[in-house]
Structure formats: structure tokens, C-alpha cells
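>>> Take a look and give me a structure for this.
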Amino acid sequence: MNILVTGGVGYIGSHTSVELLNNGHDVIIIDNLSNSKRETVGKIEQITQKKITFYQGDVTDKQALAKIFQAHHIDGVIHFAGLKAVGESVDKPLLYYQNNLISTMALAEACLTYEVKQFVFSSSATVYGDQTSPMHETMPLLSTTNPYGETKAMSERILQDVIKKHRKLSIVLLRYFNPVGAHSSGLLGEDPSGIPNNLVPYITKVAKGELEKLFVYGNDYDTVDGTGVRDYIHVVDLAKGHVAALEKLKSGLEIYNLGTGKGTSVLEMIEAFEAVNGISIPYQITERRPGDIATCYADVSKIKDQLGWSATLKVEDMLRDAWQFERQL
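So this is what the prediction gives:
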């Protein structure tokens with residue numbers, strides 16, 4: 001199939017593009033490079049030995065989208081493009097609502113206009129808000145705890161309303177938990193600008209000496225050691241989950257969690273990194289971060305039962321691969 005990957009040069013998009021190409025699909029990418037680098041396209045091609053069609057553009061730009069849909073016969077889209085930092089979304093809510101919602105609506109409209117029937121949406125476990133784990137797809141989405149999560153919940157509702165009218169569409173909402181790690185080649189990984197918002201790249205920057213120490217946001221949560229517990233999933237497992245969802249799409253709408261079904265605390269992640277890589281990580285406990293919750297991990301039985309997908313890589317693999325990537329930057 002010809003698959004349009006929005007945000008395909010970013011962290012998760014690039015790994016998914018690799019898995020799509022490895023599974024025999026052709027990949028067309030649109031990315032505005034706001035949080036990614038143009039040279040990543042060459043790295044994807046180096047890993048797969050296959051060519052990509054790349055467009056630098058913004059998914060909120062309807063004219064830019066129209067040119068791509070007119071130039072290619074597109075069989076399906078995977079929509080990653082969006083702003084994704086929880087803390088930043090609290091500080092800049094309007095930016096997040098404008099970018100994340102308009103991009104989803106513009107892409108859905110283009111799919112309807114050009115009769116593209118397969119749509120995979122990059123959602124998030126933040127849509128569950130502060131509910132009891134394990135999080136299950138049937139849980140009501142009562143309220144989120146930050147604007148980022150709300151943009152994902154609203155995008156889900158938009159797509160659910162679209163499919164009520166356009167029943168020939170096939171839409172999958174994939175609710176990510178916490179993607180970490182890097183490609184085993186060391187060529188692809190998470191390389192955010194400035195101080196990382198996510199734990200593992202923060203740890204690797206400290207390990208490399210680029211940052212003095214890691215700040216741990218809160219140690220008074222009701223968890224095993226007081227620090228936040230999350231379901232960390234290797235980004236390669238996550239990418240393979242997208243391919244499984246795309247290849248087995250049926251008409252209608254489905255929702256799947258993408259996680260491991262197991263929670264790991266911040267301090268447990270630090271200890272695991274130190275054990276796997278033999279490097280000490282200095283850290284300091286500081287106040288909680290706005291929008292964070294204590295515990296969040298997935299119930300992954302639905303995607304395993306229906307699509308035959310499950311995560312295979314462990315926390316140790318994630319942290320080893322993340323450090324290998326960081327050392328090569």
C-alpha cells in the first residue's frame with residue numbers, strides 16, 4: 001500500500017516508517033520539521049535500503065495536503081503530526097488546540113475528498129485522565145488532566161463522529177502509553193530540542209554529561225516508591241503495532257491500547273539504566289509537574305486477542321538502545 005505518514009520524520013513516525021517499508025509498503029511523509037530533522041529521511045532509507053517520498057509541510061495547511069493527495073494514490077494514512085509535551089500544553093493551551101485539532105480535521109477532510117478509506121490515529125493514554133490502572137479501552141473518557149490529553153480526546157471524538165456519517169471509512173485509534181528506546185542500528189531515536197520533557201532522553205542526556213542531573217518530579221505519589229509509574233514500551237514494538245493495525249483494518253472504528261501491561265516507576269527506570277549501562281545517574285527530587293498523574297499502565301488484552309500483537313522488548317532493551325543512540329549523537 002501507499003501510506004501517507006504525517007510527522008513521519010519524528011521519533012515514533014520514523015520508526016513506524018521503517019516498519020512499514022520493511023513490510024513491503026511505500027511511504028510518503030509530510031513533516032514540518034518543528035521537532036525533527038531532515039536528515040532522518042536518509043537514515044530511514046539507509047536502514048531499509050528503500051526510498052521515501054518526503055514533503056516538508058504542515059498538516060494544518062489544506063493546500064499542501066491537497067497537492068500530496070493529488071500527486072499520489074494514497075491507500076491509507078497514519079497521523080502522528082502534533083505537539084506532544086504535557087507540561088508545554090499547560091503553558092500554551094491555545095497552541096496545542098490549534099495545531100492538534102486542525103491537523104486532524106484537515107487530514108480527515110482530505111481523506112474523504114480523495115476517498116482514502118484507512119486512517120490510523122496516534123492517540124495517547126492521557127485521554128483516560130486520572131483513572132485506576134490498568135487502563136482499558138472501554139473506560140469512559142470523563143476528563144483529562146492537561147490540554148495535550150484533551151486535544152487527543154477531542155480528536156478521537158471528531159473521528160468517531162466522522163465515521164458515523166462515512167461508514168466506508170476504517171479508523172483505528174491507537175492509545176500510546178510511554179514510548180522509549182531507539183532503533184537497534186543506533187541511527188534513529190529520541191532527540192528532543194532543549195531540556196527533554198520525557199524521562200528516558202532526560203536520563204541519557206545526564207549520562208552523556210550534557211545535563212548535570214535529572215529532576216524527578218515528585219516522590220509523594222501513592223506508588224511503590226513515591227515516584228510516578230508508567231507503562232514504558234519500546235518504540236520498535238509500538239511501530240510494529242501500527243503496521244498490525246493498518247494491515248488488519250476493517251470498516252468502522254476500533255480503539256487499541258499500545259503498551260506492555262506493566263508499570264515501572266521513575267526510580268526503577270533510573271536503577272535499570274544504571275544496571276544495564278554501568279553509568280550512575282545523579283538526580284534531585286523536585287515538586288510535582290502540572291498535569292501528571294501517579295500511575296498509568298495498560299490493559300493490552302484487546303489488541304493481543306484481535307490483532308495478535310504484543311510487545312516483546314523489555315525495559316532493559318529500551319534503555320540499552322536509548323543509550324546506544326545517544327552516544328552516537
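
>>> helices and strands of this protein: which one has the lowest mean pLDDT?
Of all helical and strand segments in the chain, the minimum by mean pLDDT, DSSP states H and E falls on helix 86-91, at a mean of 89.

>>> Using CSV, write out every CA atom in it.
Only the C-alpha atoms of helix 86-91 are listed here, as CSV (Å, rounded to 0.1, in the frame of the first residue of the first chain):
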residue,chain,number,x,y,z
VAL,A,86,2.2,17.6,28.6
GLY,A,87,3.9,20.4,30.5
GLU,A,88,4.1,22.7,27.5
SER,A,89,0.5,22.1,26.7
VAL,A,90,-0.4,23.5,30.2
ASP,A,91,1.7,26.6,29.4
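
>>> Give the buried residues for it.
V86, E88, S89, V90 (16 or more other Cβ atoms under 10 Å). To be clear about C-beta, it is placed using only N, CA and C from the backbone, and glycine gets the same treatment.

>>> do stretch 106-121 as well
Neighbour-count burial for stretch 106-121 [16+ other Cβ under 10 Å]: A106, L107, A108, A110, C111, L112, V116, K117, Q118, F119, V120, F121.

>>> Following the chain past the least confident helix or strand of the chain, name the next helix or strand.
Downstream of helix 86-91, the first helix or strand assigned by DSSP states H and E is helix 93-113.

>>> Going along the chain, name the helices of the stretch 101-250 of the chain.
147-165, 199-208, 235-247 (DSSP state H, counting those that start in this stretch).

>>> And the average pLDDT for the shortest one is what?
What it means is helix 199-208. Average pLDDT, helix 199-208: 96.

>>> do the same with stretch 264-284
pLDDT averaged over stretch 264-284 gives 98.

>>> Any idea how far apart the tips of that stretch sit?
The straight-line separation of the ends of stretch 264-284 (Cα to Cα, to the nearest Å) is 19 Å.

>>> re the thing from before, could the helices of the stretch 101-250 of the chain be laid out in JSON lines, adding distance to V229 and mean neighbour count?
Converted to JSON lines, these look like this (distance: least, Cβ to Cβ, whole Å; neighbours: other Cβ atoms under 10 Å):
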{"stretch": "helix 147-165", "distance to V229": "17", "mean neighbour count": "19"}
{"stretch": "helix 199-208", "distance to V229": "12", "mean neighbour count": "22"}
{"stretch": "helix 235-247", "distance to V229": "19", "mean neighbour count": "23"}
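
>>> Which of those helices sits closest to C296?
Relative to C296, the nearest member of the helices of the stretch 101-250 of the chain by Cβ to Cβ is helix 147-165, separated by 10.8 Å.

>>> Contacts made by that closest one with the rest, please.
Helix 147-165 is contacted by residues 82-86, 88-90, 93, 96-97, 100-101, 104-105, 108, 112, 119, 121, 123-124, 126-127, 129, 141, 144, 169, 171, 173, 252-253, 255, 291 when judged by Cβ atoms under 8 Å, 6 or more residues apart in numbering.

>>> filter these to the buried ones?
By 16+ other Cβ under 10 Å, the contacts of helix 147-165 give 82-86, 88-90, 96-97, 100-101, 104-105, 108, 112, 119, 121, 123-124, 126-127, 129, 141, 144, 169, 171, 173, 253, 255, 291 as buried.

>>> picking that back up, now distance to E274 too, for the helices of the stretch 101-250 of the chain, in JSON lines please.
Shown next, in JSON lines, are these (distance: least, Cβ to Cβ, whole Å):
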{"stretch": "helix 147-165", "distance to E274": "30"}
{"stretch": "helix 199-208", "distance to E274": "9"}
{"stretch": "helix 235-247", "distance to E274": "21"}
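
>>> For the least confident helix or strand of the chain, which helices and strands make contact with it?
helix 147-165 (3 or more Cβ pairs under 8 Å, 6 or more residues apart in numbering; DSSP states H and E).

>>> ok, back up a step: for the helices of the stretch 101-250 of the chain, which one sits closest to G10?
helix 235-247 (10.8 Å).

>>> end-to-end on stretch 140-152?
14 Å.

>>> chain center to it, what's the gap?
Put simply, stretch 140-152 sits 16 Å off its chain's centre (Cα atoms, centre = their mean, to the nearest Å).

>>> try stretch 118-136
The answer for stretch 118-136 is 11 Å, by Cα atoms, centre = their mean.

>>> Repeat that for stretch 174-182.
Relative to its chain's centre, stretch 174-182 lies at 5 Å (Cα atoms, centre = their mean).

>>> measure that stretch end to end?
20 Å.

>>> Next, the contact list for F121, please.
Counting by Cβ under 8 Å, 6+ apart, F121 has contacts H79, T104, S155, E156, L159, I171, V172, L173, L174.

>>> Any chance of CSV for these, columns pLDDT and distance to L21?
Below are the contacts of F121 laid out as CSV (pLDDT from 0 to 100; distance: Cβ to Cβ, whole Å):
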residue, pLDDT, distance to L21
H79, 98, 18
T104, 98, 25
S155, 98, 26
E156, 98, 28
L159, 98, 26
I171, 97, 23
V172, 98, 20
L173, 98, 24
L174, 98, 19
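
>>> on that earlier part again, and of the helices of the stretch 101-250 of the chain, who's closest to G259?
helix 235-247 (8.8 Å).

>>> Brilliant, that's me finished.
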